[in-house]
Each structure stands twice: as structure tokens, then as C-alpha cells.
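Asks: Just to be clear, the model below is a prediction. Sequence and coordinates:
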Amino acid sequence: MISARQRILWASLLASATFAASAQTPPPSNVPPAITQAASPAQADQRAHKPRDGKGFERMQERRAKHLADLKAKLKLEASQEGAWSTFTSAIQPPASPAQRPDRAAMRAEFEKMTTPQRLDRMQARQSERAARFAQRADATRTFYAALTPAQQKTFDVEGMRFGPRGAHGGHGPHQGQHGHRPAPAKG
């Protein structure tokens, strides 16, 4: 037979276990929610393919324009450098707006109908296109950089590459700071 003392002990253990399970601490604020929440594959698929509001591209373009304006102000370009600036900014523009891009659902359906070698050929062709676009941006950047004075080059070294192509997800990773930017170098 179980004594009253043992019943109280068992009840308190059960209550504390229930309390501990329900009062878990929240995840740290610097960890993205996607990492802290275990989602089923169906939930992840729904998030990945949910329709967008169409304003993300506009917001990105606004941020890009602001950054370029800030960069231009910090560089203090001379009148003779304006042509190089215009060539540089037009060459580094991202691909067409989402409205002008091909329909992803149609592309995905077409991709599913392909054989594995056809898919590999398509992926290789897209990779070559991306490499060509990168080479164009790199050449434009080198040409513009050569038109800068040494002081402007130092400014560009610090400020100029805080944005730009960082992959499909905006460069968020373990070596990136807030908003995908690399932390500013320490002043010494």
C-alpha cells in the first residue's frame, strides 16, 4: 500500500515534470525562426511555394538605390568620373523584375518531364548564364575601381562590397552580420 507521503511525493514529481515540459525557455533571439522550428516537409514546401506579395522586388530595388546613392555620396565623385559611375551602376543591375521572368511553375513542370541528363544540361546552362552575368559585373566593377582615386578606392573597398550578389538568400550566414552585411572592419 502506498502511504500518503509517497502519494504527495509522486504528485509533486508529476506536477514538476508537467510544469517543466510546459515552461520551456524560448529560443535565443539571434537564431532564425526557421532553425528553431521543426517543420514537416509539407509545411516547408508550403512556405517555399507560397505566393509572394510582389513587393519584395520593389523593396530590394529601393534599398539598392539608397545604397548606391549613399555610396556615390561617400565616394565624392568628380565630374570626370560620372560616366564610369553610370556604366558601373547599369552593369551591376540585377536580372529583370519578377513580372518579366518566366513562370516558375511552368518551368518546374517542364523540368519534371525531363530525364536526368536533360536536367543536368539545363542546370549547367543556367550556371553558365549566371557565371557570365557575374563576369560582366566583375569587369564593370574593375573598370570603375580603376577610375577612382586611391582615397576613393579605400572607401569603395569598405563600402562598395557590402551589398551585391550574395546568392539566392541574401548572404545570411555565419559570417554575415545583421541584414546580411559583413561586419565593419575594426578601426585601429
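Replies: All right, it came through fine.
Asks: Averaged pLDDT, stretch 105-122. What do you get?
Replies: Mean per-residue pLDDT for stretch 105-122: 90.
Asks: Can you check the distance spanned by that stretch, start to finish?
Replies: One end of stretch 105-122 sits 16 Å from the other (CA to CA, to the nearest Å).
Asks: Over to stretch 141-154?
Replies: Start-to-end, stretch 141-154 (CA to CA) is 14 Å.
Asks: okay, and the helix or strand of this structure with the least pLDDT?
Replies: Between all helices and strands in the chain, the lowest mean by mean pLDDT, DSSP states H and E belongs to helix 33-36, at a mean of 50.
Asks: Just read off the phi/psi values of the nearest residue to residue 137 once chain neighbours are set aside.
Replies: What sits nearest to residue 137 in space, not counting adjacent residues and going by CB to CB, 6 or more residues apart in numbering, is residue 92, at 5.0 Å. Backbone N, C-alpha and C define where each C-beta goes, glycine included. Backbone torsions for residue 92, taken as degrees, to the nearest 10, come to phi -90, psi 10.
Asks: show me where this structure has helices.
Replies: Counting by DSSP state H, the segments of the chain that form helices are 4-22, 33-36, 41-48, 56-75, 82-91, 104-113, 116-146, 150-159.
Asks: which parts of the last one are buried?
Replies: This means helix 150-159. 152, 156 (16 or more other CB atoms under 10 Å).
Asks: picking that back up, least confident of the helices of the chain, on average?
Replies: Among those, helix 33-36 scores lowest, with a mean of 50.
Asks: could I get stretch 61-69 in CSV with only the CA atoms?
Replies: Taking C-alpha atoms only, stretch 61-69 is exported to CSV below (Å, rounded to 0.1, in the frame of the first residue of the first chain):
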residue,chain,number,x,y,z
GLN,A,61,15.3,48.0,-55.6
GLU,A,62,14.6,50.8,-53.2
ARG,A,63,17.3,49.5,-50.8
ARG,A,64,19.7,49.1,-53.7
ALA,A,65,19.0,52.7,-55.0
LYS,A,66,19.5,54.1,-51.5
HIS,A,67,22.8,52.1,-51.1
LEU,A,68,24.1,53.3,-54.4
ALA,A,69,23.2,56.9,-53.6
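Asks: start at 217 instead
Replies: Fine by me, first position is 217 from now on; the one you just mentioned is stretch 277-285.
Asks: For the closest residue to residue 352 other than its chain neighbours, the count of nearby residues, please.
Replies: Once flanking residues are discounted, residue 352 sits nearest to residue 307: 6.0 Å by CB to CB, 6+ apart. For residue 307, the neighbour count with other CB atoms under 10 Å is 16.
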